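> sequence plus the predicted model coming up.
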Amino acid sequence: MILEEEVIIKINSANFKRYEELGYTLPKYINSKGELVVKQGEKVKVKVKDLSNGSKVLVTKICDECGYKMPNQIYAHVLINRKRSDGKDRCRKCARIKGENTKNENIDSENSLASYAEKNNKEFLLLEFSDKNEKKPSEIKFGSNHKYIWICQNCKSEYTATVNNRINGRNCSYCSGKKVNEFNSLWCINPEVAKLLTNPDEGHLYTSGSGEKILFTCPTCKNVGRKTIKTVVKVGLGCTKCGDGLSYPEKFVIQLLNQLHIEFESQKRFDWSFNKRYDFYIPQKNCIIETHGIQHYSNHATFHKLSGKTLEDEQLNDELKKELANRNGIKHYVTIDCSKSDMDFIRKNIADSVLNDLFGLSQIDWKICHEFAYNSLVKTVCDLWNTTELTTVSIGKSLGLHQTTILRYIKQGVKLGWCEYDSTDSYKRIYKTKSVWNKTKIVQLTINDEFLKCWDSLTEAANELKLNHTGISNVCRGKLKTSGGFKWKYLRDYENEI
């Protein structure tokens, strides 16, 4: 046993998250960059039972056999010695005696796998122990390093593992993705990703978590490139030729908001956000949506290598962004777990969020969201440019993207042969849009909403009455109440109100 109930530790970037999750209050401050950070090196008193298994804090170990006290023992070493033996703490003398006795003992019921499993609520080990083994669980020592045959209850696969590995948490090698069969192959678990393989047969040779680099073919531009399987599963293909730079979760949410017919802004910066961007902002609901990928939940090497941020950095930044939003009047701050680029996973997390209460998601076609997210927005933008007279601004509004992003996609599409563009195209479209806008009929009303006249266009009314074009337009769009002493409405809006 350990003498101390509580010990003093130093807070650092490697352990602060653990103790926050356990309910400890840690000192924080906002630094000169506006970031909320934990004070490194601060000393905090914690319970011994809350220390991590790898903690190097010094404790006093008491021998469970003779009561001898051993100060200045590294906590992690105490735990390791317990695992190597029967879970008890011993001094060197008692440990030597125990070791000598164990060597001379025959396996009895107390030391058997059967007894261990029953005492430690691990009866599943007995259920998974195969009848093909020559020995029974009652005839095997619970810490044995001999390999035996096991049958996974989940996937029904047969595999070998030592008893020692099993009791220490190592389970089915197929479910963990270390081995491949028909139950855990890429075609079985992630058929949408398998469809992108240049050689479809390779989908039967690898799992979704494989770190193997193999050839994928972009479904949009047919470009072939070598990618790591697990990266494509988690973040999408990301074609180097026609890629739009947006993640699967971001495009999934863009299509969701489009189906809701609600105005939104992507990559939104606020005056108070210290130049930090938020994934989506919905003005109508004063709502922010953040789509958090795998890098926000685990030490994903690819992301952290590219960004230069650790998991702790990501999570501290997430906490700061949320605090800034709450402090500056954001009513709804919604974080969606998008650690898997999987339709059902993201759909469930969205449906379980406050977004369901705010908008009602019963009519959403999730498959369309998935298909939109898996396709390149570059192709979508080029198709809109080719088949409509929309300007870059209008296309951007329909997709929740800035017009400069739309223009970049169009120029990218020109190189791919998907569309044609020169600078005069934009001016022509803007002129046509303004012409249509100028020819839209408007109604002139008194301050008391009495009908005065219907004008053929906004331009006609402004020129005839010598009024400001923008003022009349702002009244029609609800941004102003009056202009020139009159109320103004688009004819279609006026007729809908009658």
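Received it, and whenever you're ready, just let me know what you need. Just so we're clear, the structure is a prediction, and the values are computed from it rather than from any experiment.

> burial measure for R492, as a count.
11 (other C-beta atoms under 10 Å). For the C-beta atoms, the positions are set from N, CA and C on the backbone; glycine is no exception.

> roughly how far does it sit from K17?
Distance from R492 to K17, counting by C-beta to C-beta, to the nearest Å: 56 Å.

> try D344
Using C-beta to C-beta, one gets 28 Å for the distance from D344 to K17.

> between those two, which has more neighbouring residues?
Between D344 and K17, counting by other C-beta under 10 Å, K17 is the more crowded of the two (15 against 10).

> now the closest residue to Y68 other than its chain neighbours: how far from H469?
Sequence neighbours aside, C91 is the residue nearest to Y68 in space, at 4.5 Å (criterion: C-beta to C-beta, 6 or more residues apart in numbering). Using C-beta to C-beta, we find C91 at a distance of 92 Å from H469.

> give me the more crowded residue out of those two.
Under the criterion of other C-beta under 10 Å, the comparison of C91 against H469 puts C91 first, with 18 against 14.

> tell me the contacts of the more buried one?
For C91, the contact set (C-beta atoms under 8 Å, 6 or more residues apart in numbering) comprises 63, 65-66, 68, 70.

> go on, L390?
384, 398, 429.

> do A325 as well
273, 278, 288, 333.

> same question for S483.
467-468, 471-472, 474-475.

> quick check, nearest of the residues you listed to L377?
Ranked by distance to L377 (C-beta to C-beta), the contacts of S483 are led by N474 at 31.8 Å.

> the strand or helix carrying the closest one: what's the following helix or strand?
Per DSSP states H and E: N474 is located in helix 469-476. Sequence-wise, the next helix or strand downstream of helix 469-476 (DSSP H and E) is strand 487-490.

> buried ones in that next one, by neighbour count?
487-490 (16 or more other C-beta atoms under 10 Å).

> for it, name the packing helices and strands.
For strand 487-490, the packing partners by 3 or more C-beta pairs under 8 Å, 6 or more residues apart in numbering; DSSP states H and E come out as strand 442-445, helix 469-476.

> for the protein, which spans come out with low pLDDT?
Scanning the chain for pLDDT under 70 picks out the ranges 100-109, 300-308, 426-427, 430-439, 498.

> could you chop it up by domain?
Per the TED database, the domain ranges recorded for the chain read 6-102, 107-168, 186-235, 248-364, 371-436, 438-496.

> to Y174, which of those domains lies closest?
domain 107-168 (4.4 Å).

> my guess is S52 meets Y19, correct?
No - the criterion here is C-beta atoms under 8 Å, and S52 misses it with Y19 at 9.4 Å.

> if we can go back for a sec, can you list the contacts of S483 in CSV and add distance to Y421 and neighbour count?
Output for the contacts of S483, formatted as CSV (distance: C-beta to C-beta, whole Å; neighbours: other C-beta atoms under 10 Å):
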residue, distance to Y421, neighbour count
L467, 37, 17
N468, 34, 12
G471, 35, 17
I472, 33, 24
N474, 32, 16
V475, 36, 20
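
> okay, buried residues for stretch 142-161 please.
Counting neighbours by 16+ other C-beta under 10 Å, stretch 142-161 gives 142-144, 148, 150-152, 155, 157, 159, 161 as buried.

> again with stretch 70-81
By neighbour count on 16+ other C-beta under 10 Å, the buried set for stretch 70-81 is 70, 73, 75, 78-79, 81.

> list of residues touching it?
For stretch 70-81, contacts defined as C-beta under 8 Å, 6+ apart pick out 2, 48, 51, 53-63, 89-91, 95.

> closest to the centroid, which residue in this structure?
The C-alpha lying nearest the average C-alpha coordinate of the chain belongs to G293 (C-alpha atoms, centre = their mean; 2.4 Å).

> ok, the nearest residue to that one once chain neighbours are set aside - how many residues close by?
Take G293 and drop its neighbours on the chain: the residue closest to it by C-beta to C-beta, 6+ apart is C338, 5.5 Å away. Using other C-beta under 10 Å, C338 has 27 other residues around it.

> where do the helices of the stretch 51-200 of the chain begin and end?
75-84, 92-104, 113-119, 124-128, 163-167, 186-189, 191-194 (DSSP state H, counting those that start in this stretch).

> reformat those as a markdown table; add distance to E497.
Compiled in a markdown table, the helices of the stretch 51-200 of the chain are given as follows (distance: least, C-beta to C-beta, whole Å):
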| stretch | distance to E497 |
| --- | --- |
| helix 75-84 | 74 |
| helix 92-104 | 89 |
| helix 113-119 | 75 |
| helix 124-128 | 68 |
| helix 163-167 | 73 |
| helix 186-189 | 55 |
| helix 191-194 | 47 |
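
> okay, those helices, which one's buried deepest?
helix 186-189 (a mean of 20; mean count of other C-beta atoms under 10 Å).

> before we move on, the earlier item: list phi and psi for the residue nearest to G293.
Torsion angles at C338 (phi, psi; degrees, to the nearest 10) stand at phi -120, psi 40.

> quick one: it from N190, how far?
If you go by C-beta to C-beta, the gap between C338 and N190 works out to 16 Å.

> next one: C175
15 Å.

> what do you get for D357?
Relative to N190, and taking C-beta to C-beta, D357 is found at 31 Å.

> that older thread, more neighbours: which of C175 and N190?
Between C175 and N190, N190 has the larger neighbour count (other C-beta under 10 Å), namely 20 against 17.

> do you know how far the more buried one is from L407?
Relative to L407, and taking C-beta to C-beta, N190 is found at 34 Å.

> got the buried residues for stretch 312-325?
Going by 16+ other C-beta under 10 Å, stretch 312-325 has these buried residues: 312-316, 319-322, 324-325.

> please read the previous query as pertaining to stretch 248-265.
In stretch 248-265, counting by 16+ other C-beta under 10 Å, buried: 248-260, 262, 264-265.

> which members of the residues you listed occur in helices, if any?
Members of these lying in helices (criterion: DSSP state H): 248-259.

> might you report the residue contacts of F345?
337-339.

> in TSV: the residues you listed, plus distance to L215.
Converted to TSV, those look like this (distance: C-beta to C-beta, whole Å):
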residue	distance to L215
D337	31
C338	26
S339	26
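
> ok, so of those residues, who is nearest S298?
S339 (7.5 Å).

> which residue packs closest to the closest one, ignoring adjacent ones?
Using C-beta to C-beta, 6+ apart and skipping the chain neighbours, the partner closest in space to S339 is I294 (4.5 Å).

> what about the one you found, neighbour count?
19.

> from E212, how far off is it?
18 Å.

> and the spatially closest residue to L260 that is not a sequence neighbour, how many neighbours?
In this structure, L260 finds its nearest non-sequential neighbour in F359, 5.3 Å apart by C-beta to C-beta, 6+ apart. By other C-beta under 10 Å, 19 other residues sit near F359.

> from Q255, how far off is F359?
Applying C-beta to C-beta to F359 and Q255 gives a distance of 14 Å.

> OK, contacts around G471?
480, 483-484.

> now V48
Contacts of V48 by C-beta under 8 Å, 6+ apart are 2, 4-7, 59, 75.

> mark which of those are buried, thanks.
The buried subset of the contacts of V48 - by 16+ other C-beta under 10 Å - is 2, 7, 59, 75.

> of those residues, which pair is most distant in space?
I2 and V7 (9.2 Å).

> now the common contact residues for these two.
In contact with both I2 and V7: 48, 59, using C-beta under 8 Å, 6+ apart.

> residues in contact with the helix or strand that contains N496: which ones?
Using DSSP H and E, N496 maps to helix 491-497. Residues from elsewhere that reach helix 491-497 (C-beta under 8 Å, 6+ apart): 440-443, 454, 476, 489.
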